[in-house]
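A.B. asks: got a predicted structure here, sequence first:
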Amino acid sequence: MAHFCNLCQRSFPTQRGFQKHNSSYHRHPKPQAQNTTYRYHPELTARPCDAQGRFLDDPNAPPPVSHLTDSDFQHFTDRATFEAAELLYEKMAASKDDIKQLLRILRAKTVLDGHDPDATPLFDSHQHLLDAIDAIQYGGTEWHTFAVRYGGPVAPDSPAWKRQHFVVHARNSLEILEGMAASTDFVKTWEARPYQETNEKGERVFTNLMSAHWAWKQAIAKNPATHGSMFTPICVGLDKTTTSVATGSQEFHPVYLMAGNVTNEMRRAHRDAVVPLAFLPIPKGTCEDEDDPEFRLFKKQIYHEVLRHILEPLRPGMTTPHVLRCPDGHYRRAVFGIGPIIADYPEQVYLSGIVQGWCAKCQAPKNELDGAADPRFREHTHTLWETFDPGVLWDVFGVVDDVRPFTSYFPRADIHELLAPDLLHQLIKGTFKDHLVTWVEEYINLTAPNRREAKWILDDIDRRIAAAPAFPGLRRFPQGRNFKQWTGNDSKAFMKVYLPALTGYVPDKMIQCLSAFLDFAFLARQSSHTLRTLTKMDLALSRFHRLREVFVETGVRPDGFGNLPRQHALFHYTWLIKLFGSPNGVCTSITESKHIVAVKRPWRSSNRHNPLIQILRTNTRLSKLAALRVELGRRDSLRGDVLSYALHKQIPHLGQKLGIPKLHAMIRRFLRDQLYPGFDEPDEVVPLNACPWILPSTRASCHVSATATFFAPSELGGPNGMHSEIIRCTPKWRKQHPRYDTVLVQLSEDLGFQGMGVGRVRAFISFTYGITLYECALLEWFEVVGDHPDPVMGMWIVRPEMAGHHQAMSLVSIDSIVRSCHLIGVYGTSHLPSNFHFTETLDAFKYFYVNHYADYHSFEILK
């Protein structure tokens, strides 16, 4: 279960997570990252201080020393007991009866093996396990409860909601922030100072929140009392969720707290960088109440008042520095500030106090959202409140009177500025899934001769989508679009394979429109941005807006695009990236994923009676386990897995042999290329006798996968910008179908696709020649068709390269493999049979698109 990476100073609750991290970042040698320069804020310097806030004379002095012993597992007798608690309570969420039965089985096994029946068991009982977790001294900020109610006059005949008390459960926001800042899990992912990053080309780089304009321009830097302090943004995520539709639609409205100093990568990992802060009340009324403007106004007022109350402990620290202990062990004087607020569009309407259908970021009128307008800002909204009556505010400016955003009570907080871009609901689910995919289907229904023909076309598109070959990390859609519940991950995966399936069924202009949007989407979802990529985004968005007129011309959108607030939000993306860094660090996908751990799993473990109290208790215990795991990792008590920790030895792994036709001759030619790289004559003119001799009895091992590690320009936000993926070649992938991935191979020093070739991996082979281990790949080759990408699809086209009657094959060093690539058949106007299987695609078609939308890095190097 629990593991700790000593190089990154990060803990991992599962062995799988630790192995994935180790494989991605440490197992293979990494090329040197790009040279970047950093300019740090001259006033907000985050100088170390003592616990009383006095700056240290020596800023390089070591942090205070912890006096806890390495063997301190709190109320757990040893590591095995701690990991058993993690497994049973956190990983398995086992019930009381299941835990009781397991403990009895272990006790019975002890007796049957002849050991002392009174020997100390893992736990005496289920309650003993819970008591051990509750006794952990780390983490677990306690919840407190308070009630709010309507504050106006109440008459005997007033509706029930005016007399009802609405319960709020919340934690102390300052204590949560203090615990988060002190966690050693963030020692290498905590950015204490705003900075400006410049790459080797002299371009400004926007990645994490502290690298962007908003953190740099904080007004507190003008106050001499804050000089030397650390700026700490307080990011808030709000997202209502439903745990079960089938059992009465139990809704919960959690609020999450995040420190903006934590890097985007760590925040996206859904660890304790995202912590449940409160559960907001959800006032319910009768059908008549729901139509009552007074009740709707009350719901918005109670919403903002509760948010103001739960963030109140942080307000003093927004003007007077508050001493925080940081992940590196040092104390620093921190100045807080309300940071980016993560919410979907309905939540943004509540937060900003605007009318539904208007934009929360700019003054573009409702139904005229096909262009950007002047920005909204706090002072302007206050002036509108003071100047106009409620009717004018509503109709002309889209502002709700009598609703004061909670940010109005905090210094330097402008709700219109702080609303973050939402990739999940604005870009992926909104513009792509709800708009473009729906519009394409409507176009087919409008233009097909009849309903039956339209369904046949849609079924063929589904078959094309299902025929896309397997690719590392790419989800397949065996039924095409035909699945009822779309998740964010479904939509993101569907974006990668949808476009080629439309060819021949929709106009070229429509395909180009979707291609322009996908260009924008893939650029927007990068982990790092420069002014160059932002310019590309603007150009792609402009191209998309010009080409989307095809939906007006074909009758799909006869009224245009002026009433689409989620699509309108794309106008603001490039500015928001400059303001807050990469959008993937402030996206609702972070809070959606946290729902699973903080709400949905605890709800399933509850008895459904008053489940919120049980959810709170579970969250407290999970926080305690996570905090103890971090502390044990810091003290090096989690090295290796639990068995190796006890036995101190590891188990070696062996490969298997494989005989390949003509392998001996191919290896000899491969050795010639490796030993004499200056000779580039083709194999046809080089006799086999001129190649190095290797004994036929030499052992060669075959492997079914290899890991490609490469520098990904789209992932500069990660550690050193590195990314890794597994390339597979196996006759029985998951014991079912063959899978032989396609790869890009570097053939020359030319940049981009012109310097690479495309091959299909048939085997990974390793052997020793002399004292050197050679690792190579057996490839079937594809050749490029034409000197440019396809003018309509915008993708390169390749075809199998033939040597006689067979596809050309050779061995190449795995070092020459750049990464995997994704090929999709050029369908043209052909129709796939209903029983066509996607594993046959690479053998069935004569031509293939090289899909640059398969992932971000493919887009970077191919587009």
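C.D. replies: Cool, got the structure.
A.B. asks: okay, now P224: neighbour count?
C.D. replies: The tally of other residues near P224 (other CB atoms under 10 Å) stands at 8. For the C-beta atoms, the positions are set from N, CA and C on the backbone; glycine is no exception.
A.B. asks: list the contacts of it.
C.D. replies: Listed by CB atoms under 8 Å, 6 or more residues apart in numbering, P224 has no contact partners.
A.B. asks: ramachandran angles for it?
C.D. replies: The phi/psi pair for P224 (degrees, to the nearest 10) reads phi -60, psi -30.
A.B. asks: read off the pLDDT value for the closest residue to A700 other than its chain neighbours.
C.D. replies: The shortest distance from A700 to any non-neighbouring residue, by CB to CB, 6 or more residues apart in numbering, is to F767 (4.3 Å). Per-residue pLDDT puts F767 at 78.
A.B. asks: do S637 as well
C.D. replies: On pLDDT, S637 comes in at 72.
A.B. asks: again with H28
C.D. replies: pLDDT, H28: 55.
A.B. asks: one more: L654?
C.D. replies: 29.
A.B. asks: hang on, the earlier thing: for the helix or strand the residue nearest to A700 falls within, the distance to its chain's centre please.
C.D. replies: Using DSSP states H and E, F767 sits in strand 756-769. Distance of strand 756-769 from the chain centroid (CA atoms, centre = their mean, to the nearest Å) equals 32 Å.
A.B. asks: tell me where the stretch 651-800 of the chain has helices.
C.D. replies: Applying DSSP state H, counting those that start in this stretch to the stretch 651-800 of the chain gives helices spanning 663-675.
A.B. asks: tell me where the model's unsure across it.
C.D. replies: For the stretch 651-800 of the chain, residues meeting the criterion pLDDT under 70 lie at 651-661, 680, 683-684, 696-699, 711-722, 751-752, 771.
A.B. asks: mind listing the strands for it?
C.D. replies: Assigned by DSSP state E, counting those that start in this stretch, the stretch 651-800 of the chain shows strands spanning 656-657, 700-703, 705-711, 722-733, 737-740, 742-746, 756-769, 772-784, 796-800.
A.B. asks: ok, now the stretch 501-650 of the chain?
C.D. replies: Using DSSP E, counting those that start in this stretch, strands in the stretch 501-650 of the chain cover 529-530.
A.B. asks: identify all contacting residues around stretch 134-145.
C.D. replies: 74-75, 167-172, 175-176, 179, 272, 616, 620-621, 623-628, 630-631.
A.B. asks: may I have the strands that pair with the strand holding F767, each with its orientation?
C.D. replies: Partners of strand 756-769 in the sheet, by DSSP bridges, are strand 700-703 (antiparallel), strand 742-746 (antiparallel), strand 772-784 (antiparallel).
A.B. asks: redo those strands as JSON lines? Include distance to D402 and mean neighbour count.
C.D. replies: Output for the strands paired with strand 756-769, formatted as JSON lines (distance: least, CB to CB, whole Å; neighbours: other CB atoms under 10 Å):
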{"stretch": "strand 700-703", "distance to D402": "68", "mean neighbour count": "18"}
{"stretch": "strand 742-746", "distance to D402": "60", "mean neighbour count": "21"}
{"stretch": "strand 772-784", "distance to D402": "65", "mean neighbour count": "19"}
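A.B. asks: looking at those strands, which is nearest to M793?
C.D. replies: Among the strands paired with strand 756-769, strand 772-784 comes nearest to M793, with 14.5 Å by CB to CB.
A.B. asks: quick check, distance from the closest one to the centre of its chain.
C.D. replies: The answer for strand 772-784 is 33 Å, by CA atoms, centre = their mean.
A.B. asks: just give me the longest helix of the chain.
C.D. replies: helix 611-634 (DSSP state H).
A.B. asks: shaky segments in the stretch 351-500 of the chain?
C.D. replies: For the stretch 351-500 of the chain, applying pLDDT under 70 flags the ranges 483-485.
A.B. asks: helices along that one, start to end?
C.D. replies: 378-387, 390-392, 415-418, 438-447, 451-466, 488-495.
A.B. asks: which of those is buried the deepest?
C.D. replies: Highest mean neighbour count of the helices of the stretch 351-500 of the chain: helix 415-418, a mean of 23 (counted as mean count of other CB atoms under 10 Å).
A.B. asks: what does it contact?
C.D. replies: Contacts of helix 415-418 (CB under 8 Å, 6+ apart): 214, 338-341, 351-353, 360-361, 375-378, 381, 405-408, 579.
A.B. asks: quick one on the thing from earlier: and of the strands of the stretch 651-800 of the chain, who's closest to S858?
C.D. replies: strand 742-746 (8.6 Å).
A.B. asks: just the angle for the closest one relative to strand 796-800, thanks.
C.D. replies: 100 degrees (axes from the mean of the first three to the mean of the last three CA atoms, to 10 degrees).
A.B. asks: relative to strand 705-711, how tilted is strand 742-746?
C.D. replies: Using the same axes, to 10 degrees: strand 742-746 against strand 705-711 is 50 degrees.
A.B. asks: quick check: angle from strand 742-746 to strand 722-733?
C.D. replies: Strand 742-746 runs at 130 degrees relative to strand 722-733, counting by the same axes, to 10 degrees.
A.B. asks: strand 742-746: how far from the chain's middle?
C.D. replies: How far strand 742-746 lies from its chain's middle: 27 Å, per CA atoms, centre = their mean.
A.B. asks: cool, and stretch 536-555?
C.D. replies: Counting by CA atoms, centre = their mean, stretch 536-555 is centred 28 Å from the centre of its parent chain.
A.B. asks: that one: end-to-end distance?
C.D. replies: Stretch 536-555 has an end-to-end distance of 30 Å (CA to CA, to the nearest Å).
A.B. asks: quick one: buried residues of it?
C.D. replies: Going by neighbour count (16 or more other CB atoms under 10 Å), the buried part of stretch 536-555 is K536, M537, A540, L541, R543, F544, H545, L547, R548, V550, F551, T554.
A.B. asks: list the contacts of the residue sitting nearest the centre point of the chain.
C.D. replies: Nearest to the mean C-alpha position of the chain, counting by CA atoms, centre = their mean, stands R268 at 4.9 Å. For R268, the contact set (CB under 8 Å, 6+ apart) comprises N584, G585, S589, I590.
A.B. asks: which two among those are spaced furthest apart?
C.D. replies: Pairwise distances across the contacts of R268 (CB to CB) peak at 10.5 Å, for the pair G585 and S589.
A.B. asks: so those two - more neighbours on which side?
C.D. replies: Using other CB under 10 Å as the criterion, G585 and S589 rank with G585 on top: 27 against 20.
A.B. asks: find me the pLDDT at T588, would you?
C.D. replies: 92.
A.B. asks: F580 versus that one, what's the distance?
C.D. replies: Separation of T588 from F580 (CB to CB, to the nearest Å) stands at 14 Å.
A.B. asks: ok, those two, which is more surrounded?
C.D. replies: Each of T588 and F580 has its neighbours counted (other CB under 10 Å); F580 has more, 27 against 24.
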